[in-house]
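The sequence isn't on hand, but the structure is:
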């Protein structure tokens, strides 16, 4: 069963600034940057290469995290963070629809299982709320190994690598589909 999870709502591109998006949604982002903001410099020896030292599009996101210590034991869905984020966003559905006219919106979800199975439940209510938002949901469930061992630092590094490679694969699929008007997340 999923024991802790993370959910993020992200906005990519569009004609609005971070401040304008924040005003429209009535909330501040967890992370953001405007077109033209300076990108962080990759660390020395890094294989990361920047095509430009400045961001080429607006990015705005808000994140929610749950964990074993703050999840209601009666919630067996495994989607506490996603549910909390959706509850935060649904009242802002009209503003989100306005943003979607010229920007891409995505919901990201990941959860950590306490076993080799990553069971979770998408309730009909949550599915209905997701439909109202009109965002694709990209999700990943991280499982414990067959011995039931907790993840260690190496597994955390592996997770980061897998997340980065799945984002690269998504970019490649988007480019292959010829969708030049909408840049993929990342």
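In hand now; what should we look at? No experiment lies behind these values; they were computed from the predicted model shown.

When you work out contacts or count neighbours from here on, use the C-alpha atoms and nothing else.
Fine.

Mind listing what's buried along stretch 46-58?
55, 56, 57, 58 (16 or more other Cα atoms under 10 Å).

same deal with stretch 102-116?
When neighbours are counted by 16+ other Cα under 10 Å, the buried residues of stretch 102-116 are found to be 103-115.

Just want the most central residue of the protein.
The C-alpha lying nearest the average C-alpha coordinate of the chain belongs to residue 108 (Cα atoms, centre = their mean; 2.8 Å).

And that residue, how close does it get to residue 140?
Distance of residue 108 to residue 140, computed by Cα to Cα, to the nearest Å: 9 Å.

got it, and residue 101?
Here the criterion is Cα to Cα. By it, residue 101 lies 28 Å from residue 140.

of the two, who's got more company?
Neighbour count, other Cα atoms under 10 Å: between residue 101 and residue 140, residue 140 has more, with 13 against 10.

Over to the more buried one. Which of the three states is it?
On the three-state scheme (DSSP: H, G, I helix; E, B strand; the rest coil), residue 140 is labelled strand.

on that earlier part again, among the buried residues of stretch 102-116, name the ones in strands.
Within the buried residues of stretch 102-116, membership in strands is found for 104, 105, 106, 107, 108, 109, 110, 111, 112, 113, as judged by DSSP state E.

By pLDDT, rank these and give me the bottom one.
Comparing pLDDT over those singles out residue 113 as the least confident position, at 82.
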